[in-house]
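J.: Next one to model:
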Amino acid sequence: MIRKISTRMWVHETSMPMLGMRVPIRMTIVKLADDGLWIGNPTPHNPQLHNRVSSMGEVKYIVGTSNGHNLFLEDWQKAFPDAGVYVSSGIPKKRPNLKNYELLRELDSPPWHEDLGMFAMDGAPLWDEHMFYHGKSRTLLVTDFFQNYTGVKQKGIANVLSKLVFEPLGFKGKCLAPPLKTRFGAKDRQALRASLDRIWELEIECVVPAHGTIFEQGAKDDIRRLCQRFYD
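T.: Down below sits the predicted model:
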């Protein structure tokens, strides 16, 4: 259910329905220096998952790192009422019952800054995505910006939909979220480049996306190649 992927970091992987398909989704759990837990992009909450997470330590932070990842935040906030909730700017409108949250954009210094660096992706307000860097494991945590469907297989009608609809749209292999290839997704290419330039300064050995296979060997080269369109 939960598997360890690197030093003090675990993931929970499942899927959710979308337009007749099962879309892979991933929650990331980081154990901080004080042994508290940072949870990024929660997956559906259930008693078994709750008990497993609780056994790992105190949940201190629940984070919705991109506007599209909001469906399960309220359930996790109810399950761990003492945890701080932090979200991207578009989430409060989508989850009006979410209370006592803070916006990632308004944080001068996130409370987890000694363990995780935070990087706002400017110029793409559709997601208002924030990436996080775990220096001890040289791991970059991303949400919708980079996706990796290498090895992801659909069955039955979902496979047909994937071949006829989603893959032609760009959801295949190692990819940028397809809207980023349009003006609709990338509103300000200069601002986006400036955000990405900060990422290239990091030592990255692994990229953990919310969707699809984890980028491992050559991860930094892979995501830099995907972003070349913003520099041409």
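
J.: longest helix in the protein, by residue count?
T.: What stands out as the longest helix in the chain, according to DSSP state H, is helix 189-200.

J.: For it, report the contacting residues that lie outside it.
T.: 119-124, 131, 140, 186, 220, 223-224, 227, 230-231 (CB atoms under 8 Å, 6 or more residues apart in numbering). (Glycine included, C-beta is placed from N, CA and C.)

J.: Which of those are buried? Put it as a ChimeraX command.
T.: Here is the ChimeraX command that selects only those of the contacts of helix 189-200 that count as buried (16 or more other CB atoms under 10 Å):
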select :119,120,121,122,123,124,131,140,186,220,223,227,230
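
J.: Just the contacts of helix 189-200: which are in helices?
T.: Per DSSP H, the contacts of helix 189-200 map to helices at 220, 223-224.

J.: which one of these sits closest to residue 83?
T.: Nearest to residue 83 among the ones in helices among the contacts of helix 189-200: residue 223, at 29.7 Å, using CB to CB.

J.: Name the nearest residue to that closest one, sequence neighbours excluded.
T.: Excluding the flanking residues, the one nearest residue 223 by CB to CB, 6 or more residues apart in numbering is residue 146, at 5.2 Å.

J.: show me what contacts the residue nearest in space to the middle of the chain?
T.: The residue lying closest to the centre of the chain (CA atoms, centre = their mean) is residue 143, at 2.4 Å. By CB under 8 Å, 6+ apart, residue 143 lies in contact with 40-41, 65-66, 68-69, 127, 129-131, 209-210.

J.: what about 6 Å?
T.: By CB atoms under 6 Å, 6 or more residues apart in numbering, the residues touching residue 143 are 65-66, 69, 129, 210.

J.: same check, this time on residue 73
T.: Counting by CB under 6 Å, 6+ apart, residue 73 makes contact with 64, 95, 98.

J.: do the same with residue 23
T.: Contacts of residue 23 by CB under 6 Å, 6+ apart are 15-16.

J.: before we move on, back to that, what is the lowest-pLDDT residue among the contacts of helix 189-200?
T.: For the contacts of helix 189-200, the model is least confident at residue 186; its pLDDT is 92.

J.: quick one: it from residue 44, how far?
T.: From residue 186 across to residue 44, the span is 30 Å (CB to CB, to the nearest Å).

J.: ditto for residue 193
T.: Distance of residue 193 to residue 44, given as CB to CB: 36 Å.

J.: for residue 203, same thing?
T.: Distance of residue 203 to residue 44, given as CB to CB: 34 Å.

J.: try residue 188
T.: Per CB to CB, residue 188 is found 34 Å from residue 44.

J.: hang on, the earlier thing: just put the contacts of residue 73 in JSON lines and tack on neighbour count and secondary structure.
T.: Listed next are the contacts of residue 73 as JSON lines, based on neighbours: other CB atoms under 10 Å; DSSP: H, G, I helix; E, B strand; the rest coil:
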{"residue": "64", "neighbour count": "30", "secondary structure": "strand"}
{"residue": "95", "neighbour count": "19", "secondary structure": "coil"}
{"residue": "98", "neighbour count": "16", "secondary structure": "coil"}
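
J.: From these, pick the one nearest residue 82.
T.: Residue 82 lies nearest to residue 98 out of the contacts of residue 73, by CB to CB, at 15.7 Å.
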